[in-house]
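Participant: Fold the stuff below for me.
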Amino acid sequence: MVKNLLTYALGGLLLASAACSSKDVEPQPEARVTRTDEFVSAKADGQYTDCQDVYRRNGTVPDTLFNGYRNFWVSSTQRLQQIDIMRLENAQAGSSKFFILTFGGVDLDALTVPAEFTSADKTNWVSLSFGDYSVGKGPVSGPDPNLYSGSTLAKDNLVVKVLSKDNDVLTGTFRGPVRNTANQTKTITEGQFRIKLLRKTRP
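Facilitator: The predicted model follows:
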């Protein structure tokens, strides 16, 4: 028993060491996130992509938001309760690969963790997008064969878990199929994220 515990502890230390020593690290088991940097990573059809760089909408809006404010454009009583998580693979190298996770209907402060989001959940939803672009290439207008998406609103078997939310630092995992406009599928496995959220309190 003691030997097994020591082996498990040593394995955890090795994983943590690997995560801190290299940017191109392999994913860790789904039950935990041991990395201490901010990232979103996963394998798409077995190919590992590690996204750490900030992605900004129109160059200004940060990519890690919790929009808990009242949405005046829709209703004076409706609140967005939306979490946006986006990360680019390597902006300096011109890479345009990215992951986007969007949580809808989620009250961050009332959320009990660990929390699992699947198609069985009728009150909250999560969408996942994977931009599989080569260096120097990015999204195009119209049908985009390099943009793959999935959602718990569809019966796609997408599973997203929030494991912790300490001081608005969210960690979690995700897996499931994503599809492009040509209905081609990529299978996302061993997805993980660790992100510090910014709170937006007004529209």
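
Participant: give the contact list for the closest residue in space to Lys97 that isn't next to it in sequence.
Facilitator: Among residues not flanking Lys97 along the chain, Glu89 sits closest, at 4.0 Å (CB to CB, 6 or more residues apart in numbering). Just so you know, the C-beta spots here come from the backbone N, C-alpha and C atoms, and that holds for glycine as well. Applying CB atoms under 8 Å, 6 or more residues apart in numbering, we find Glu89 in contact with Thr49, Asp50, Cys51, Gln52, Asp53, Ser95, Ser96, Lys97, Phe98.

Participant: now swap in Val106 and tell me
Facilitator: Taking CB under 8 Å, 6+ apart, one finds Gln81, Gln82, Ile83, Asn124 in contact with Val106.

Participant: In this structure the third one contacts Thr102, no?
Facilitator: Yes: taking contact to mean CB atoms under 8 Å, the distance of 7.1 Å between Ile83 and Thr102 places them in contact.

Participant: Check the secondary structure at Pro145 for me.
Facilitator: Look at Pro145: counting by DSSP: H, G, I helix; E, B strand; the rest coil, its state is coil.

Participant: What residues does it make contact with?
Facilitator: By CB under 8 Å, 6+ apart, the contact set of Pro145 is Asn180, Thr181, Ala182, Gln184.

Participant: again, 10 Å this time
Facilitator: Shown in contact with Pro145 (CB atoms under 10 Å, 6 or more residues apart in numbering): Asp132, Asn180, Thr181, Ala182, Gln184.

Participant: between Ile83 and Thr102, who's got more neighbours?
Facilitator: When Ile83 and Thr102 are compared for neighbours, Ile83 comes out ahead with 23 against 17, by other CB atoms under 10 Å.

Participant: Can you tell me the closest non-neighbouring residue to the more buried one?
Facilitator: Distance criterion CB to CB, 6+ apart; nearest residue to Ile83, sequence neighbours excluded, is Phe103 at 3.9 Å.
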